[in-house]
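Enquirer: have a look; sequence and predicted model below, questions after that.
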Amino acid sequence: MVEEGYQPNLITYNTIVNSLCKSGDATHAISLLKIMAERGCAPDIATYNIIIHSLCKDNHVPEALKLFSEMRGKGIPPNVVTYTSLIHAMCNLCQWEEAKRLFDEMVAVNCKPNVVTYNILVDALCKEGRLLDAQDIVERMVQLGIEPNRVTYNSLMDGYCLQGQMVKARTVLNSLTNKSLAPDVFSY
């Protein structure tokens, strides 16, 4: 493309970055950031989110945090996707304090968590047997006007079942159906 005199734009670069990350080659995607800068095409939040998400998914969390810091240093503020990817990675590594710190930072900079962010926290807490903490998160969601969805309820039911609390799991299932959310295969 470049050899033929065409300069890739941000959309083209983001497409390449996304393809590299999907094929498990986040290292080349990171090196592409430098090439972009050299060619006068500044990476944006989407570029960074693609790579950070890929690094987190592949458990390369230190690299993701380094890129997160670099992004912020360049004046690109993180968004809900950035924070959610990092929080998810921290929950997967059972690094609760770091997940909480990122969540608190997210809220402090007026980046509003969405249902996906909350669902990640609820699911991770339930899998760890921290059902009271998970229930507190759900209550906080509701107070903030974020409606729990089927994933939220399925995570709670799973958590209660893992702890042998079948009555509570059934109560959550009833809440799911009372809210006109049809149970799915994961609900049972």
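Expert: On my side now, so go ahead.
Enquirer: from here on, just use CA atoms for contacts and neighbour counts.
Expert: OK.
Enquirer: look at residue 148 and give its secondary structure.
Expert: With DSSP: H, G, I helix; E, B strand; the rest coil as the basis, residue 148 sits in coil.
Enquirer: what sits against it?
Expert: 115, 138, 141-142 (CA atoms under 8 Å, 6 or more residues apart in numbering).
Enquirer: now these in a markdown table, with pLDDT and secondary structure?
Expert: Listed next are those as a markdown table, based on pLDDT from 0 to 100; DSSP: H, G, I helix; E, B strand; the rest coil:
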| residue | pLDDT | secondary structure |
| --- | --- | --- |
| 115 | 97 | helix |
| 138 | 93 | helix |
| 141 | 93 | helix |
| 142 | 90 | helix |
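Enquirer: for ChimeraX, what selects the buried ones among the residues you listed?
Expert: Entered in ChimeraX, the line below selects the buried ones among those, by 16 or more other CA atoms under 10 Å:
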select :115,138,141
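Enquirer: for the contacts of residue 148, which one is nearest residue 175?
Expert: residue 138 (12.7 Å; CA to CA).
Enquirer: tell me the contacts of that closest one?
Expert: With CA under 8 Å, 6+ apart, residue 138 has these contacts: 118, 122, 148, 152.
Enquirer: hmm, back to that, dump the contacts of residue 148 to JSON lines, plus distance to residue 109.
Expert: Shown next, in JSON lines, are the contacts of residue 148 (distance: CA to CA, whole Å):
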{"residue": "115", "distance to residue 109": "18"}
{"residue": "138", "distance to residue 109": "21"}
{"residue": "141", "distance to residue 109": "18"}
{"residue": "142", "distance to residue 109": "21"}
